[in-house]
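> The sequence isn't on hand, but the structure is:
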């Protein structure tokens, strides 16, 4: 992915249609490379996670074009490349794996982001009912070393129906169950970065399996 950080940095500085059209050839080359890398990544992940077998790369890649219809930010382009790999692709409610390439914010991520109300309620209950199992997954040393924090929003108060004190509190207050593992921009310039990415992402698999058990119970 040589040149992608430079392109996205320039796009951030010149986020307008005129500049983008002038540099469309560069974008097309980089997008093709990105699709090829994500396809390789899916193949490697699917060797260890049956959820991804048969997954099409086109279903996982996000568009660079922003939907500005209801946004106060009218810049037309995203300044990152990204892909979400889960059964059903980027629109899936299932826990999966996320690749984000942005200048100063290259990251490997995973879990469930913005679950709808019925699902978040069920996930909280599943974690509460199986707290020891959940903690053994998300507090494992190898997991924490790569994914030191959960990201997303949390409730200000403990949801109704749960005790206000205890080890469960931080988990049942979450609105998302997503981890974020930042890596240097130079990570994607290494010749074996896809293999490294696959190994790091697979550390998330036990957490995804835990979350997807509840997704399956709700018959998504």
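Right, received. Where do you want to start? Because the structure is predicted, anything quoted here is derived from the model rather than measured. Numbering: from 1, shown residues only.
> alpha carbons only for contacts and neighbour counts from here, please
Noted.
> Mind checking what helix or strand follows the longest helix seen in the chain in sequence?
When the chain is parsed with DSSP state H, its longest helix is helix 24-46. Where DSSP states H and E defines the elements, the next helix or strand beyond helix 24-46 is strand 81-85.
> what angle separates that next one from helix 24-46?
On the basis of axes from the mean of the first three to the mean of the last three C-alpha atoms, to 10 degrees, strand 81-85 is oriented at 30 degrees to helix 24-46.
> Can you name every helix or strand that the helix or strand just after strand 81-85 contacts?
Next helix or strand after strand 81-85 toward the C-terminus (DSSP H and E): strand 96-101. Strand 96-101 sits against strand 81-85, strand 106-112, with contacts defined as 3 or more C-alpha pairs under 8 Å, 6 or more residues apart in numbering; DSSP states H and E.
> Can I get those in JSON lines including mean neighbour count, mean pLDDT and distance to residue 24?
Formatted as JSON lines, the helices and strands packed on strand 96-101 follow (neighbours: other C-alpha atoms under 10 Å; pLDDT from 0 to 100; distance: least, C-alpha to C-alpha, whole Å):
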{"stretch": "strand 81-85", "mean neighbour count": "24", "mean pLDDT": "98", "distance to residue 24": "15"}
{"stretch": "strand 106-112", "mean neighbour count": "23", "mean pLDDT": "98", "distance to residue 24": "22"}
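> Any idea how many residues pack against residue 217?
Using other C-alpha atoms under 10 Å, residue 217 has 10 other residues around it.
> separation between it and residue 175?
19 Å (C-alpha to C-alpha, to the nearest Å).
> so what's the residue nearest the centre of the chain up against?
In the chain, the residue lying closest to the centroid (C-alpha atoms, centre = their mean) is residue 98, at 2.9 Å. Shown in contact with residue 98 (C-alpha atoms under 8 Å, 6 or more residues apart in numbering): 82-85, 108-110.
> these two touch, right, residue 41 and residue 195?
Yes: Residue 41 is in contact with residue 195 according to C-alpha atoms under 8 Å; the separation is 7.5 Å.
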